[in-house]
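**Q** my questions are about this predicted structure, shown below with the sequence.
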Amino acid sequence: MDSFIVISLIKAAVVFAALMATLLYLQWVERKVIAHIQVRPGPYRVGPHGLLQPIADVIKLMTKEDLIPPYVNKPLYLAAPFIAMTMALFSISVIPFGPMIEVAGYKTFMQLTDLNIGVLFVLAVSSMGVYGIALAGWSSNNKYALLGGLRSSAQMISYELPLSLAIAAPLLISNTLILRQLVERQAGSILEWNVLHGPFPQILSFLIFLIAGFAETNRVPFDLPEAENELVAGFHVEYSSMKFASFFMAEYANMITVSSMAVLLFLGGWVAPWPARYGSSLVPVAIFAGAGVVALYHGMHPGHRRDRRTLPVFGAAFLAMAAVFLLPAVQAWLLPLFWFCAKTGSVLFTFMWVRGTLPRLRYDQLMGFTWKFLFPVAFADLLATGFLVAWFG
Amino acid sequence: MDVILFLIFAIIAVVCAINVVVQTHPISSAISLVGVMGSLAVLYLLLGAEFIAAAQVIVYAGAIMVLFVFVIMLLNAGAESKHGRSLVAQLLGAPLLVALLGLLAYFVERLYPRGVSVRFGGFTHGTPLDIGRALFTTYLLPFEATSILILIAIVGAIVLAWKEID
């Protein structure tokens, strides 16, 4: 019992620290990706290739004046960012990152807690997250904020329906609500993943899930709650300093949750695309070695003066990572973690790609799209999956 | 541990429920109601009914109450002012409440004289599998009847809204 509490505390601390670091640098990655889509270098001044920019941003946000306007409803105004942040962090606690591992004699899962209603828990917590935004909009006592809050609650209620239906379809195939079992039933090869699984590949459900996920996290092209050109900044217009930052962090944490749920439900979790005996364990080595060689090459032919010193360092770090992946001692937990992060990262990259590519929808288009198109399609997809599973299963 | 958790969340539920009535602003009342729903979900979880707990949060706290909050925000309802309470209500309100609670306690005592105590974790049929099996075998008719009832309500709402447009 005591060791259980200690291990749980250690795991919670590790996951929290890793999540915070990811949140910090996800924003840097997003700025870089969008900058490159728009053919500009992005953050470049603070640290090599702007790598210290997130830390500078955090210092800036923390030292800013924390202004509370006199006309707000104070208890709810203060509670809203807290609710948003708590709900965003809550759902991470059931996400499994990898299989069972053994550290110093203790066997433990790479997951904070394993619920037998894991999928429902994530749905429940994410449906509570809307209160943060809605209350922030209402308690600010500002018409732009109120409109943003209203839009967000209407949008999140509407898109929750196709999202839940899209989640239900792969669950019919996997026949479990436990996230860990969900991944174990997709083990083997890429053909066992729910997105390609027979008798009915869940590609349609995957796309619906992604679209509804964009809307649930208030991301472009569904970022109506904070549409700058209509609502100034929407629901968080009256927030400053760390309160604004917690909304920002909650949005990124929700992005990570939606991406990991997409990976767990459709893309096979931490399972490699093909078995290790056909060399899937060499893929991370090849990727990191390739990145290292490219960085070293560009270090030899620098485009900027500073690159001559920084890029070889990065190259050496990448090559070291490639070497670490070859060690048999760490492969048992590092490889599943790599595949989970690689898949989640790919989904996150899609989020950024879409943000850099698509314009924002109009509000009536947003509502019409989900009620008149996405919801019937998700429903038909669920029905078809159910019939096929009953027929072949 | 179970008893401590039960006491914490039972107290939260009762305090939130009282707060729903006491608060003058509709939004504060609605948020208190969310608190009631959430602590009820935790109580279900303590009893071993995981699926009911999740459904409670998803349906009541996450969907219905969001809709309530949405409508209150949309109508921009302001705080109510306390006025026009009749002398009868002021004088007899509290004694009548106590009398009602006393009667309820009395009948519960009469109906269950031996005091069947609930054991935490004694109930193990709360998994989604059990609920689904029960819904589609033993309770199939009530389940389908309820869904038709809800369908009728939706159709009725649309018909009523339609007249408004004409």
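**A** That came in fine, so what should we check first?
**Q** contacts, neighbours, all on C-alpha from now
**A** Noted.
**Q** and the contacts of stretch A:154-173?
**A** If you take CA atoms under 8 Å, 6 or more residues apart in numbering or on different chains as the criterion, stretch A:154-173 is touched by A:123, A:127, A:130, A:177, A:182, A:194, A:202, A:205-206, A:208-209, A:212-213, A:215-216, A:265-266, A:366-367, A:370-371, A:374-375, A:378-379, A:381-382, A:385-386, A:389, B:63, B:66-67, B:70.
**Q** among those residues, name the buried ones.
**A** Taking 16 or more other CA atoms under 10 Å in any protein chain shown as the criterion, what is buried in the contacts of stretch A:154-173 is A:123, A:127, A:130, A:177, A:182, A:194, A:202, A:205-206, A:208-209, A:212-213, A:215-216, A:265-266, A:366-367, A:370, A:374-375, A:378-379, A:381-382, A:385-386, A:389, B:63, B:66-67, B:70.
**Q** how far off centre is stretch A:57-72?
**A** Taking CA atoms, centre = their mean, to the nearest Å, the mean C-alpha location of stretch A:57-72 is offset from the chain mean by 26 Å.
**Q** whoops, I mixed them up, stretch A:370-384
**A** The chain centroid and the centroid of stretch A:370-384 are separated by 24 Å under CA atoms, centre = their mean.
**Q** residue A:131 should be in a helix, yeah?
**A** Yes: read with DSSP: H, G, I helix; E, B strand; the rest coil, residue A:131 is one of the residues of a helix.
**Q** ok, it - contacts?
**A** Counting by CA under 8 Å, 6+ apart, residue A:131 has contacts A:80, A:83-84, A:153, B:66.
**Q** on that earlier part again, identify those among the contacts of stretch A:154-173 that sit within strands.
**A** Secondary-structure check on the contacts of stretch A:154-173 using DSSP state E: no residue lies within strands.
**Q** so which elements touch the strand or helix carrying residue A:247?
**A** Residue A:247 is part of helix A:241-266, with elements assigned from DSSP states H and E. Secondary-structure packing of helix A:241-266 (3 or more CA pairs under 8 Å, 6 or more residues apart in numbering or on different chains; DSSP states H and E): helix A:2-37, helix A:53-63, helix A:74-90, helix A:143-174, helix A:179-184, helix A:203-216, helix A:328-357.
**Q** list the buried residues in that helix.
**A** A:241-266.
**Q** tell me the angle of that helix relative to helix A:53-63?
**A** In terms of direction (axes from the mean of the first three to the mean of the last three CA atoms, to 10 degrees), helix A:241-266 departs from helix A:53-63 by 130 degrees.
**Q** what's the angle between helix A:241-266 and helix A:2-37?
**A** Between helix A:241-266 and helix A:2-37, the angle comes out at 100 degrees (the same axes, to 10 degrees).
**Q** tell me how far helix A:241-266 is from the chain's mean position?
**A** Counting by CA atoms, centre = their mean, helix A:241-266 comes out at 5 Å from the chain centroid.
**Q** which helix or strand lies directly C-terminal to it?
**A** helix A:283-300.
**Q** what does the helix or strand containing residue B:37 contact?
**A** Under DSSP H and E, the secondary-structure element containing residue B:37 is helix B:26-47. Contacts to helix B:26-47, defined as CA under 8 Å, 6+ apart, come from residues B:2, B:6, B:9-10, B:12-14, B:16-17, B:19-23, B:50, B:52-54, B:56-57, B:60-61, B:65, B:68-69, B:72-73, B:77-79, B:119-123.
**Q** chain B: helices as residue ranges?
**A** Chain-ordered helices for chain B, with DSSP state H as the definition, fall at B:2-22, B:26-47, B:50-55, B:65-75, B:87-111, B:128-136, B:140-165.
**Q** buried ones in the last one?
**A** So that's helix B:140-165. Of the residues in helix B:140-165, none is buried (16+ other CA under 10 Å).
**Q** give me the packing partners of that helix, helices and strands only.
**A** helix B:128-136.
**Q** give me the buried positions along the helix it packs on.
**A** When neighbours are counted by 16+ other CA under 10 Å, the buried residues of helix B:128-136 are found to be residue B:128.
**Q** can you state the direction angle for it and helix B:140-165?
**A** Here helix B:128-136 runs at an angle of 80 degrees relative to helix B:140-165 (the same axes, to 10 degrees).
**Q** ok so, going back, would you mind giving the helices of chain B as JSON lines with distance to residue A:173 and mean pLDDT added?
**A** Formatted as JSON lines, the entries for those read as follows, by distance: least, CA to CA, whole Å; pLDDT from 0 to 100:
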{"stretch": "helix B:2-22", "distance to residue A:173": "36", "mean pLDDT": "87"}
{"stretch": "helix B:26-47", "distance to residue A:173": "27", "mean pLDDT": "87"}
{"stretch": "helix B:50-55", "distance to residue A:173": "20", "mean pLDDT": "84"}
{"stretch": "helix B:65-75", "distance to residue A:173": "31", "mean pLDDT": "83"}
{"stretch": "helix B:87-111", "distance to residue A:173": "46", "mean pLDDT": "84"}
{"stretch": "helix B:128-136", "distance to residue A:173": "15", "mean pLDDT": "84"}
{"stretch": "helix B:140-165", "distance to residue A:173": "23", "mean pLDDT": "87"}
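**Q** before I go, just wanted to say thanks for your time.
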